[in-house]
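Q: Here is my input, please return the structure:
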Amino acid sequence: MLTLTESATTAVKAIIDGTPDVAGGGLRIGQGSDDNPGFAVSVVARPEPGDSTVESDGAKVFLEPAASAVLDDKTLDAQMTDGSVTFALVPQVA
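A: Here you go, the predicted structure:
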């Protein structure tokens, strides 16, 4: 299952705290489109049916089923700089 670093946990909570209309929600990671392959990230109030939920110290990440399978052995990391966040996926450390 996807894990979150302390930095990613902090970033997700900051994003959700800064988006009042999704209080209690999280980030949703899904597969991108044909025009934009990779992953699509959105801020949502709740998961979609079939999504799995990863929670770390109150930070919630919802994974679309296809994304969940691909990210099963990954860790989500984040770097926050001047009000912007950059996420990265890294292999989990055993």
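
Q: mind listing the strands in the chain by residue range?
A: For the chain, the strands defined by DSSP state E cover 3-4, 26-31, 39-44, 52-56, 59-63, 74-81, 84-91.

Q: Return the longest helix belonging to the chain as CSV; C-alpha atoms alone will do.
A: Counting by DSSP state H, the longest helix found in the chain is helix 6-17. Extracted C-alpha coordinates of helix 6-17, given in CSV (Å, rounded to 0.1, in the frame of the first residue of the first chain):
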residue,chain,number,x,y,z
GLU,A,6,6.3,13.2,7.0
SER,A,7,6.7,15.9,4.4
ALA,A,8,3.9,14.5,2.2
THR,A,9,1.7,14.2,5.3
THR,A,10,2.3,17.9,6.1
ALA,A,11,1.7,19.0,2.5
VAL,A,12,-1.5,17.1,2.1
LYS,A,13,-2.9,18.5,5.4
ALA,A,14,-1.8,22.0,4.4
ILE,A,15,-3.6,21.7,1.0
ILE,A,16,-6.8,20.4,2.6
ASP,A,17,-6.7,23.0,5.4
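
Q: Okay, buried residues for it please.
A: 7-13, 15-16 (16 or more other Cβ atoms under 10 Å). C-beta: built from backbone N, CA, C; applies to glycine.
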